[in-house]
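> Sequence and predicted structure, then a few things I'm wondering about:
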Amino acid sequence: MKMEKTAGRRTEIAEVLGVEGKKAQVVLRDCPFHPSGGGQPGDTGTLQGEDFRAEVRDAGKRKDAEGVVLTLTLTKGAPYAGMEVEAEVDWGRHAVLSRMHTAQHLFSRLQENAHEGSLTTLKVNIGLDESVIHVRYDGGLTWEDLFEMEEKTRAVIRADLPVETFITSREEAEKIPELKAKWERIHDEKIRVVRVPGVDATACSGTHSARTGQVGGFLVTGFNGSAPDWEVRFTVRQEERTQEYSRVMRRLLRAVGCRPDQAEEVFIRQRAENTALRQVLDKVRPYVSIPWEIRETGGRPLYLALLPGLTKELITAPARACAEEHPDAFCLALMPGAGDSPFPFVLLRGAQVPVDLSGFLKKFPELEARGGGKPEWLNGVTSQRAPSTWIACLSHEHAIL
C-alpha cells in the first residue's frame, strides 16, 4: 500500500533510546503515531528533519514510562534529542486498520449475542488485507452461522451509525451497560471506550472509523478450528475479494461441470471417493512386485525399473524393500507419463553404498530433476527419460564419496 501524502506535524525528538546501524528507536515530544494495541499494529510513516530522514516501521507503547516508542529505519543522517522533525503518518494504512478494527467490534459483538454468552472472543489480529478473530466456543461453527453474522454486520455498516471514542475513569467505565472489558488486563485508571450506540461498547486501545458506514464492505473469508478453539478470518475489502473468489469459483465450476449449488456436494463426493481409493492402494501396496532390470553403474548393481503412469506412493515401499534386500546396490524407478511433462522418480541406495544422495540432483543438472530426501534416498520429478543418463551420473567419480 502506498503511503497517503498529507501535511506532517512539526514536533521534536524528545529522546533517542538507541541507534544500531540503520536502525533506531526514538520518542517524540508530540507524537501523532498511534501505538500498537488491542490486536492492531502501530502506525507507520516518516520523520524528516534537516539532513535527516527515517521510515517509521512501527509504533509501540513505552513500557517503562509515558510515550510512544517509534522504531525507525534511517535513510539519511542520525537522530538526536532536540532535533526538530516533521512527522508524517501513513493515513491510508491507518484508515484501513481503523475500518478493520471497527468491523471486528461489530462482528464479534453480534456473534457473541447470537450465541447467548456461550461464545467468547479471546483475541484479534488486525491486518491490512485480512484480519483474524480467535474465539472460544464449545459448539460447532458452520458457514450458515457465519453467513448470518456477516449479513447482520453489513446491516449495521449500512446503517451508518456513529462510532464514539472517549476516555473515562475506570469507576465510570464499570457503570457502562454491556461494556466489554478484560478487567484483569487493565491496570490504568483511565479507560478508553469505543461505543456504537445500541450495538457495542468495548474498552479498546485501537483506532476506529468515525461512523460504521466508513467501514465499507465486510466479507468472512474463512474459518478453521474445532470446539472449543476457533478462528474466523474476514476482510473489509469485500468487492475486490468477492471478485477474486467469483473468478476462482467460475473456473472451478467449468472444470467440474456442475451448477454452483452442486459444487459442495460434488466436492464431498469426490473427496470420499479419493479416500476410498487411497485405502485400496494402502491394501494393494504390500503386494506390488516391481519387474527390476539389473544394470551396473560405478561397478555396483543398479536395479532399474521403468513404470509408465504409476505413482511414487505405490512404488516407494517396494523400492525401499529392494534397497534393503540389496545393500550394495542402487535402486532407480522412473515413472514417465504421456508427453514431455515432468514425471515422478525414486532413487535409493543400499546401506553399504558410500554415496550421499542429498546433493545428487544439484551436481547433475542434466537430470532435469527437482526433489528432496536424505543421504540414502531421493524422490521428486524429472524430465530426463533416458536411463543411460542416470547411469552415467551415478557412475561419475564425483557422485561416489
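Happy to help now that I have it. Just so you know, these numbers come straight off a predicted model, no measurement behind them. Residues are numbered from 1 along each chain as shown.
> so where do the strands sit in the stretch 101-250 of the chain?
All strands of the stretch 101-250 of the chain, identified by DSSP state E, counting those that start in this stretch, fall at 119-125, 131-137, 164-169, 190-196, 200-203, 219-226, 229-235.
> Make a markdown table from those and add mean pLDDT, mean neighbour count and distance to residue 83 to it.
C-beta here means a position set from N, CA and C on the backbone, and glycine is covered the same way. Shown next, in a markdown table, are these (pLDDT from 0 to 100; neighbours: other CB atoms under 10 Å; distance: least, CB to CB, whole Å):
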| stretch | mean pLDDT | mean neighbour count | distance to residue 83 |
| --- | --- | --- | --- |
| strand 119-125 | 95 | 17 | 34 |
| strand 131-137 | 97 | 19 | 36 |
| strand 164-169 | 94 | 12 | 30 |
| strand 190-196 | 93 | 19 | 30 |
| strand 200-203 | 94 | 23 | 36 |
| strand 219-226 | 96 | 15 | 44 |
| strand 229-235 | 97 | 20 | 39 |
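> Tell me who's in contact with the residue nearest to residue 217 when sequence neighbours are not counted.
Take residue 217 and drop its neighbours on the chain: the residue closest to it by CB to CB, 6 or more residues apart in numbering is residue 238, 2.5 Å away. By CB atoms under 8 Å, 6 or more residues apart in numbering, the contact list for residue 238 reads 216-219.
> Please apply the same query to residue 114.
Contacts here follow CB under 8 Å, 6+ apart; on that basis residue 114 touches 145, 148-149, 152.
> And those residues, which of them are buried?
Listed as buried from these are 145, 149, 152; burial here means 16 or more other CB atoms under 10 Å.
> picking up where we left off before, pLDDT value on the residue nearest to residue 217, please?
At residue 238, the pLDDT value in this model is 95.
> Make 7 the starting number, not 1.
All set: I'll call the first residue 7, so the last point we hit is now residue 244.
> now it: how far from residue 392?
Distance check for residue 244 against residue 392: by CB to CB, to the nearest Å, it reads 54 Å.
> Same check on residue 272?
When distance is defined by CB to CB, residue 272 is 41 Å away from residue 392.
> So which residues lie in contact with stretch 144-155, not counting its own?
113, 116-117, 120-121, 124-125, 226, 229, 231, 233-234, 236, 238.
> tell me which of those residues is nearest to residue 214?
Closest to residue 214 out of the contacts of stretch 144-155 is residue 113 (13.4 Å), distances taken as CB to CB.
> ok, and the closest non-adjacent residue to that closest one?
Once flanking residues are discounted, residue 113 sits nearest to residue 159: 4.7 Å by CB to CB, 6+ apart.
> Quick check: which of the strands of the stretch 107-256 of the chain is nearest to residue 306?
Nearest of those (CB to CB): strand 225-232, 49.2 Å.
> which helices and strands sit right next to the closest one?
If contacts are counted by 3 or more CB pairs under 8 Å, 6 or more residues apart in numbering; DSSP states H and E, strand 225-232 sits against helix 149-164, strand 235-241, helix 244-262.
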